[in-house]
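Participant: Make a model of this:
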Amino acid sequence: MPYSNANGLRIYYEVSGEGFPFVMVHANPFDHNLWMYQIAHFSTYFKVVAIDIRGYGRSDKPSAPFTLKDMADDVLGVCSDERIKEAILGGVSVGSGMAILLGLDHPELFKALILVGGSSGPGGSIEDRIRGYTKIGIEKYHIQHLRELVAPEFPESKLGNYLLQTFVERDPWLSGESIGQIFRARGGLDMTPRLGTMRVPTLVINGEYDNSLAGGRKTASLIPGAMHKILPKTGHACNIEDPATFDAFVIEFLRANGLMPEQPTRP
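Facilitator: So this is what the prediction gives:
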């Protein structure tokens, strides 16, 4: 179980496969297992590095204030520990915010961005989310939040219910105050004015029912040459709702940018 301690916190991550690095950063309120399907698929072609962001999974859960840059620096710390000099970077929700910031600040490191959600500015329900996790409590609020981030039919299906419950089962690991700080960190930075300077090839993916669809469209329209895809019948967590179509979008984008291997690196 590797941990990075580069920034004074223990940041957990898992490495799967071999080849060109593909770093994956999950959303609030999931953990690295949000990428479970992509880890299984893309680790046959890439060295996949899936990170638990601070506040989730096996990573530390600080309750003192921190910034989105601090969270992005955690990703850089993992890359440094793994001696990664170049990588593809995928991020969902707050992970996509971290990916935007990293792409803007470190274009020499990240050769392609896959933004799921992809809003470049603060969300509109930050205070409600903070209140939910700190006042209502994780036990009641977490599953409510998870259900809001997928298409309406998904939680009612056997598979959807099972997948969402796997994240709820890890509630004893979580801290409402730490999750609140993640929302504050994301709400404290608007990167929209900088999007026109992005030099990293970018794909933005939104679900049809994604609450970030408008924000994702805006981001894609402002980043030079960015691709935008909408995944039908899915929500904000579209990569776990329809992984086959999601992965096809990613492969198309990586091929267009010369980053998709023709053959698997391992069986």
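Participant: For the stretch 101-250 of the chain, which segments count as helices?
Facilitator: Listed in chain order, the helices of the stretch 101-250 of the chain (DSSP state H, counting those that start in this stretch) span 126-131, 138-148, 158-168, 176-187, 213-222, 238-241, 243-256.
Participant: what helices or strands is the shortest one leaning on?
Facilitator: Read it as helix 238-241. Counting contacts by 3 or more CB pairs under 8 Å, 6 or more residues apart in numbering; DSSP states H and E, helix 238-241 is packed against helix 36-42, strand 202-207. Bear in mind the C-beta positions are built from the backbone N, C-alpha and C, glycine included.
Participant: same deal with the fourth one?
Facilitator: Applying 3+ CB pairs under 8 Å, 6+ apart, one finds that helix 176-187 contacts helix 68-81, helix 94-105, helix 126-131.
Participant: buried ones in it?
Facilitator: Gly176, Ser178, Ile179, Gly180, Gln181, Ile182, Phe183, Arg184, Ala185, Arg186, Gly187 (16 or more other CB atoms under 10 Å).
Participant: same thing with the fifth one?
Facilitator: Of all the residues in helix 213-222, those buried under the rule 16+ other CB under 10 Å are Leu213, Gly215, Gly216, Arg217, Lys218, Thr219, Ala220, Leu222.
Participant: quick revisit: so of the helices and strands packed on helix 176-187, which one's packed in deepest?
Facilitator: Neighbour counts (mean count of other CB atoms under 10 Å) averaged over each of the helices and strands packed on helix 176-187 peak at helix 94-105, with a mean of 25.
Participant: could you say what helices and strands that one packs with?
Facilitator: Under the contact criterion of 3+ CB pairs under 8 Å, 6+ apart, helix 94-105 touches strand 21-25, helix 68-81, strand 87-92, strand 110-116, helix 176-187.
Participant: Mind putting the helices and strands packed on helix 176-187 into CSV with mean pLDDT and distance to Phe30?
Facilitator: Shown next, in CSV, are those (pLDDT from 0 to 100; distance: least, CB to CB, whole Å):
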stretch, mean pLDDT, distance to Phe30
helix 68-81, 98, 15
helix 94-105, 98, 9
helix 126-131, 94, 14
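Participant: For Met227, find the nearest of those helices.
Facilitator: When those are compared by CB to CB, helix 94-105 sits nearest Met227, at 14.2 Å.
Participant: and the closest one, C-alpha only, in PDB?
Facilitator: What follows is helix 94-105, C-alpha atoms only, in PDB (Å, rounded to 0.1, in the frame of the first residue of the first chain):
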ATOM      1  CA  VAL A  94     -13.100  18.300  -7.700                       C
ATOM      2  CA  GLY A  95     -10.500  16.000  -9.300                       C
ATOM      3  CA  SER A  96     -11.200  17.800 -12.600                       C
ATOM      4  CA  GLY A  97     -10.600  21.100 -10.900                       C
ATOM      5  CA  MET A  98      -7.300  19.800  -9.700                       C
ATOM      6  CA  ALA A  99      -6.500  18.600 -13.200                       C
ATOM      7  CA  ILE A 100      -7.300  22.000 -14.700                       C
ATOM      8  CA  LEU A 101      -5.000  23.700 -12.300                       C
ATOM      9  CA  LEU A 102      -2.200  21.200 -12.800                       C
ATOM     10  CA  GLY A 103      -2.600  21.400 -16.600                       C
ATOM     11  CA  LEU A 104      -2.300  25.200 -16.400                       C
ATOM     12  CA  ASP A 105       0.700  25.200 -14.000                       C
END
